[in-house]
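Asker: Below is the structure, and that's it, no one-letter string:
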């Protein structure tokens, strides 16, 4: 880039602090953008709409990054972004709902290039007119899966050559230099119990996650494995309904709602579970599947959305049609009663993570996206 060009790289994110999937994705993206800005001698500005501001330590970044927050004040956020527009070369928008900022910023600076990151279900239906127009006029659109990319092309009518597929990646959770899968994929011969795990937001608007289907599917399972324990990590306004369903299904002794937990405890839950199960029908990628696989855990999921791109039926887990409870019961019991199968699938899951979804793979792919956006 020549010296007379605009010199800012600006990232606007919906939220960057917290432990949710979008927050984790935004943190990782910010880390890569920070490195990109340093290498290209760009001033890097990070804005978060819903946070109060502060610092964040992205995975793989050399140090913490400071960001400006707006505590949900959309007008203040927009003003702060647009006043930098004339000096901005690249504007990265971390959600399609933020797209109109890019459209307006380009009016102020026609040489500005803006990219929009899609996540999944929010682009599976036609966006509102302004958001739709902003997405169609973006320099590039980032999709985490082929399924979501196809939706962007077909429903949002974004030209295919302006849609890039960059699957998410996460750091290796195992000790440095240890590339073997965790040893606890197989239940000890003297252990009767089974540990299942789901990690999800429990919002009434996100019932598609399928926690209720898992609980109903467990009724015949606990008859054969009475010491089964099912941990549900996450929280939200739908939790009281799900807790009531656990009582209705007489699973009070089997189901444990942990609420939101620190990352260190979450990694322990992944490490100590035997099977990860989440038959969500609305995943544009499925970051929690990759997290489970990074610990060498087989996954039971739904054959919908982008999930089949991550979970390969019969290889690193099982896929069920929709949220079919009988199929969920059968797959859980099959893995529970076949330690060798569980171990093979766990090892395949770990290989899937290493081959496709490591932080190094993501950093390379996302850097290529930023290079294309800057060109």
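Answerer: Okay, I see it. Given the structure is predicted, the values throughout are model-derived calculations rather than measurements.

Asker: Report the secondary structure element holding residue 91.
Answerer: Assigned by DSSP states H and E, residue 91 belongs to strand 88-93.

Asker: Please enumerate the strands of the stretch 101-250 of the chain.
Answerer: 113-117, 140-143, 163-165, 195-199, 229-233 (DSSP state E, counting those that start in this stretch).

Asker: Pull up the pairing partners for the second one, direction included.
Answerer: Each strand pairing with strand 140-143, determined using DSSP bridges, is listed with its direction: strand 113-117 (parallel), strand 163-165 (parallel).

Asker: Now do that strand: distance to the chain's middle.
Answerer: 15 Å (CA atoms, centre = their mean, to the nearest Å).

Asker: Ok, the fourth one next?
Answerer: Counting by CA atoms, centre = their mean, strand 195-199 is centred 17 Å from the centre of its parent chain.

Asker: any low-confidence regions in the stretch 201-350 of the chain?
Answerer: Nowhere does the stretch 201-350 of the chain drop to pLDDT under 70.

Asker: same deal with the stretch 1-150 of the chain?
Answerer: Using pLDDT under 70, the stretch 1-150 of the chain drops low at 1-6, 60.

Asker: redo that, cut-off 90
Answerer: For the stretch 1-150 of the chain, the stretches flagged by pLDDT under 90 are 1-7, 17-22, 24, 53, 55-65.

Asker: Torsion angles phi and psi at residue 267?
Answerer: With angles defined as degrees, to the nearest 10, residue 267 sits at phi -60, psi -40.

Asker: One more: residue 44?
Answerer: Dihedral angles phi and psi of residue 44 (degrees, to the nearest 10) take the values phi -110, psi 120.

Asker: next one: residue 64
Answerer: According to degrees, to the nearest 10, residue 64 has phi -70, psi 150.

Asker: And the helix or strand harbouring residue 354, what's buried?
Answerer: Taking DSSP H and E as the definition, one finds residue 354 inside helix 339-356. Buried positions in helix 339-356, judged by neighbour count with 16 or more other CB atoms under 10 Å: 341-343, 345-354. Using the backbone N, CA and C atoms, a C-beta is placed for each residue, glycine as well.

Asker: Out of those, which comes closest to residue 98?
Answerer: Set against residue 98, the nearest of these by CB to CB is residue 353 (29.7 Å).

Asker: mind listing what that closest one touches?
Answerer: Contact analysis of residue 353 by CB atoms under 8 Å, 6 or more residues apart in numbering lists 170, 290, 293-294.

Asker: By neighbours, which of these wins?
Answerer: Neighbour counts for those peak at residue 293, which has 31 neighbours (criterion: other CB atoms under 10 Å).

Asker: thinking that residue is in contact with residue 355, fair?
Answerer: No: when contacts are counted by CB atoms under 8 Å, residue 293 is not listed as touching residue 355 (10.5 Å).

Asker: Overlap in contacts, those two.
Answerer: Between them, residue 293 and residue 355 share no contacting residue, judged by CB under 8 Å, 6+ apart.

Asker: Tell me where the stretch 1-150 of the chain has helices.
Answerer: 21-39, 74-82, 99-108, 129-136, 146-155 (DSSP state H, counting those that start in this stretch).

Asker: Would you format those as JSON lines with distance to residue 226 included?
Answerer: Output for the helices of the stretch 1-150 of the chain, formatted as JSON lines (distance: least, CB to CB, whole Å):
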{"stretch": "helix 21-39", "distance to residue 226": "33"}
{"stretch": "helix 74-82", "distance to residue 226": "52"}
{"stretch": "helix 99-108", "distance to residue 226": "52"}
{"stretch": "helix 129-136", "distance to residue 226": "50"}
{"stretch": "helix 146-155", "distance to residue 226": "39"}
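
Asker: Just send the ones you listed back as JSON lines, with distance to residue 325 and mean neighbour count too.
Answerer: Below are those laid out as JSON lines (distance: least, CB to CB, whole Å; neighbours: other CB atoms under 10 Å):
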{"stretch": "helix 21-39", "distance to residue 325": "25", "mean neighbour count": "21"}
{"stretch": "helix 74-82", "distance to residue 325": "42", "mean neighbour count": "16"}
{"stretch": "helix 99-108", "distance to residue 325": "39", "mean neighbour count": "19"}
{"stretch": "helix 129-136", "distance to residue 325": "36", "mean neighbour count": "18"}
{"stretch": "helix 146-155", "distance to residue 325": "24", "mean neighbour count": "19"}
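
Asker: With respect to residue 278, which of these lies nearest?
Answerer: Among the helices of the stretch 1-150 of the chain, the nearest to residue 278 by CB to CB is helix 21-39 (11.6 Å).

Asker: Now do that closest one and strand 113-117, the angle between them.
Answerer: Relative orientation of helix 21-39 versus strand 113-117 (axes from the mean of the first three to the mean of the last three CA atoms, to 10 degrees): 150 degrees.

Asker: Between the helices of the stretch 1-150 of the chain, which one is closest to residue 207.
Answerer: So among those, helix 21-39 is nearest, using CB to CB, at 16.7 Å.

Asker: re the thing from before, which other helices and strands does the strand holding residue 91 contact?
Answerer: Counting contacts by 3 or more CB pairs under 8 Å, 6 or more residues apart in numbering; DSSP states H and E, strand 88-93 packs against strand 8-13, helix 99-108, strand 113-117, helix 359-374.

Asker: okay if I get these as a markdown table plus distance to residue 143?
Answerer: Compiled in a markdown table, these are given as follows (distance: least, CB to CB, whole Å):
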| stretch | distance to residue 143 |
| --- | --- |
| strand 8-13 | 17 |
| helix 99-108 | 14 |
| strand 113-117 | 8 |
| helix 359-374 | 10 |
